[in-house]
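**Q** what's the 3D shape of this:
(one chain, ligands or ions: 2)
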Amino acid sequence: MIEKKEIIETGWNFHNSYAHLPKSFFTRINPTPVRLPKLIILNNILAKSLGLNVEALQSNDGLDVFAGNNIPEGSFPIAQAYAGHQFGHFTMLGDGRAVLLGEQITLSGERFDIQLKGSGRTPYSRGGDGRASLGPMLREYIISEAMYGLGIPTTRSLAVVTTGESIIRETRLPGAILTRIAASHIRVGTFQYVSKWSNAEELKALADYTIQRHFSYIKNDENPYLSLLKEVIKGQAELIAKWQLVGFVHGVMNTDNMTISGETIDYGPCAFMDTYSLKTVFSSIDLHGRYAYGNQPDIGVWNLSRFAETLLPLIHENQDKAVELAQNAVLDFTKLYHNNWMAGMRAKLGLFNEETQDESLIEDLISMMEKYSADYTNTFRELTFDKVEDTVLVGKTEFTKWYDLWKARLERQQESKDESHELMKNSNPAVIPRNHRVEEALEAAVEKGDYSVMERLLNVLSKPYSYSPEQEEYSKLPPPSTCPYRTFCGT
Ligand code: AMP
Ligand code: MG
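**A** Numbers count the residues shown, from 1 in each chain. Ligands and ions are numbered 1, 2, ... in the order given. So this is what the prediction gives:
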């Protein structure tokens, strides 16, 4: 008797709205099949939230989708065209090693891009091989999921597979593909591409599509394109303030790595700072510190100015008027950013209301952190539990003075000590993805095929505000080192 085998539906439900945009915006291309795919990690919770069946995703057919060996029904794979300023220099780029399978529509009707990263060459690959290696793809998985846990808008990671093929960098490395989930992959660089190489009609098509997809509530505004600019500025002011508040250094804030949706994207040489310093740079290619921690808000303004330039013809038919409107919008970034940052910092110090001296209270604390090389995350953590004896600031006269001012400031608000403590717990992560912990997890995974270290790390990072006992060892600082931590692009 033939057994009836139940076919489990995976749940892919693709729309391909981007592929209906003008043809010059993308190239129709399939991922390049790989030899021997193996599933390394699958994000079960994320899969379920996308309406996908975990069991089916883990089957050979499911795995083949993550590997690019099988195009699921309804998918219309494309590589997207975009340009970008890389370290200030304008270049044509595009998905050189990624393919968008389509947009998954969830059961609740939300739309998410499903993209394979490391899936083979495309017309935008330039000299590259279109591939990615396991270490950097797992790194993106860990950091993006940590950012999600921290409550910071981000693209997410659904799965990593190895390809069974080696790729050649300085040495031979195991090839891998990351399945990335994003609100969309529309970037500042997408607008730059269309503005430079397409016509006014196509620019309008991109802007209208973006409004429809991300900001449909502005479509009937008097000047929807000016509103689009303002919305993107607002989103980036919120996002970059969140980065600063947790000490995240993106590392390569090129305009192609800035989304229109306001999500963090492209986890290359990014890292979290330990000791507080505005000059913190991790990326080995950022020789002049263009993308240093303290520069991120200014780079935000620079990138948004490039975005504003692309929208000028849509904002007003009179160019001078368009420039004036766009400039005023961009100028607002600084104020918006500052308000977000101040609100976040007040919460980190347990403050509910606003007083004019708050700014100097905050500035004094962070300049002491910089002066005494205090650990950024742990200083706020110790303040949360009033365990200042565990910080390097204890005993410093200026800190004692500051501490008394802070306590007096807390006394002056209506909320109780307990309420302040709760606010601080929810605003100061107990754990961040410390560089030595991320490296340790990647080394075990890549060198030894041991994924348990990464799984434990991911588990701890998924609840950074829970202050659970298993987090203790993850909040310890790295052993003193003679050379600073360096990250590489991993391309
Ligand atoms: P990123 O530094 O990841 O933002 O990438 C910058 C540009 O280089 C993008 O156009 C990528 O698609 C492209 N790129 C990066 N690595 C590769 C590769 N191995 N093969 C082809 N293109 C790549
Ligand atoms: Mg990029």
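
**Q** is the spatially most central residue of the chain in a bridge, and if so with what?
**A** The centre of the chain sits closest to Thr264, judged by Cα atoms, centre = their mean, with a distance of 2.5 Å. Following DSSP bridges, Thr264 is listed with bridge partners Thr154, Met258.

**Q** And the contacts of stretch 280-298?
**A** Contact with stretch 280-298 is made by 87-88, 240-241, 243-244, 247, 249-253, 268-271, 273, 277-279, 299, 333-334, 337, 435, 484-489, as judged by Cβ atoms under 8 Å, 6 or more residues apart in numbering. Heads up, the C-betas are built off the backbone N, CA and C, glycines and all.

**Q** please redo it, this time with the cut-off set to 7 Å
**A** Stretch 280-298 has contacts (Cβ atoms under 7 Å, 6 or more residues apart in numbering) with 87, 240, 243-244, 249-253, 269, 271, 273, 278-279, 299, 337, 485-489.

**Q** any idea of the pLDDT on the residue nearest to the centre of the chain?
**A** Looking at Thr264, its pLDDT reads 98.

**Q** got the residues of the protein near ligand 2?
**A** Counting by Cβ under 5 Å from the ion, the chain comes close to ligand 2 at Asn257, Asp266.

**Q** at 6 Å instead, please
**A** With Cβ under 6 Å from the ion as the criterion, the chain meets ligand 2 at residues Asp256, Asn257, Asp266.

**Q** count of neighbours near the first one?
**A** Read it as Asp256. Each residue near Asp256 was counted by other Cβ atoms under 10 Å, and the total is 24.

**Q** Wait, it touches Gln80, no?
**A** No - the criterion here is Cβ atoms under 7 Å, and Asp256 misses it with Gln80 at 10.4 Å.

**Q** Just the closest residue of the stretch 251-400 of the chain to ligand 2, please.
**A** Per Cβ to the ion, the residue of the stretch 251-400 of the chain with the smallest distance to ligand 2 is Asp266, at 4.1 Å.

**Q** re the thing from before, going through the contacts of stretch 280-298, which ones are buried?
**A** Neighbour counting over the contacts of stretch 280-298 (16 or more other Cβ atoms under 10 Å) leaves 240, 243-244, 249-253, 269, 271, 273, 299, 337, 485, 487-488 as the buried ones.

**Q** tell me which element Val66 is part of?
**A** Val isn't right for residue 66; it's Phe. Using DSSP states H and E, Phe66 sits in helix 60-67.

**Q** for stretch 56-70, how far is the first residue from the last?
**A** Distance across stretch 56-70, first residue to last, is 14 Å (Cα to Cα, to the nearest Å).

**Q** Name the residues of it that are buried.
**A** For stretch 56-70, a neighbour-count test (16+ other Cβ under 10 Å) marks Ala56, Leu57, Gly62, Leu63, Asp64, Val65, Phe66, Ala67, Gly68, Asn69, Asn70 as buried.

**Q** From those, pick the one nearest ligand 2.
**A** Ligand 2 has its nearest neighbour among the buried residues of stretch 56-70 in Gly68, at 19.1 Å by Cβ to the ion.

**Q** That closest one: what's it in contact with?
**A** Applying Cβ under 7 Å, 6+ apart to Gly68 gives the contacts Pro31, Thr32, Pro33, Val34, Val99, Leu116, Ser119, Gly120, Ile177.

**Q** Not counting sequence-adjacent ones, nearest residue to it?
**A** Once flanking residues are discounted, Gly68 sits nearest to Pro31: 2.7 Å by Cβ to Cβ, 6 or more residues apart in numbering.

**Q** Gly118 is in contact with the one you found, correct?
**A** No - counting by Cβ under 7 Å, Gly118 is not a contact partner of Pro31; they are 9.2 Å apart.

**Q** For the stretch 251-400 of the chain, which segments count as strands?
**A** Using DSSP state E, counting those that start in this stretch, the strands of the stretch 251-400 of the chain run over 271-272.

**Q** Output the set of residues of it in proximity to ligand 1.
**A** When proximity is defined as Cβ under 6 Å from any ligand atom, the stretch 251-400 of the chain approaches ligand 1 at Asp256, Asn257, Asp266, Gly268.

**Q** So which of the residues you listed belong to helices?
**A** Cross-referencing these against helices under DSSP state H gives no overlap.

**Q** Which member of the residues you listed is positioned nearest Glu440?
**A** Set against Glu440, the nearest of these by Cβ to Cβ is Gly268 (19.7 Å).

**Q** Help me confirm that that closest one comes into contact with Val249.
**A** No - the pair Gly268 / Val249 is not scored as a contact, 11.3 Å apart, by Cβ under 7 Å.

**Q** My read is that Leu423 contacts Leu349, right?
**A** No - assessed by Cβ under 7 Å, Leu423 is found out of contact with Leu349, at 8.9 Å.

**Q** rewinding a little: of the contacts of Gly68, just the buried ones, PyMOL syntax please.
**A** Typed into PyMOL, the line below selects the buried ones among those, using 16+ other Cβ under 10 Å:
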select buried, resi 31+32+34+99+116+119+120+177
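
**Q** Output the contacts of Gly68 as TSV; include the columns distance to ligand 1, secondary structure and pLDDT.
**A** As requested, the contacts of Gly68 are exported to TSV (distance: Cβ to the nearest ligand atom, whole Å; DSSP: H, G, I helix; E, B strand; the rest coil; pLDDT from 0 to 100):
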residue	distance to ligand 1	secondary structure	pLDDT
Pro31	13	coil	98
Thr32	11	coil	98
Pro33	17	coil	98
Val34	14	coil	98
Val99	11	strand	98
Leu116	12	strand	99
Ser119	10	strand	98
Gly120	9	coil	98
Ile177	12	strand	98
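
**Q** ok, residues contacting stretch 395-409?
**A** So stretch 395-409 is contacted by Leu349, Leu351, Glu355, Leu361, Asp364, Leu365, Met368, Tyr372, Val388, Leu393 (Cβ under 7 Å, 6+ apart).
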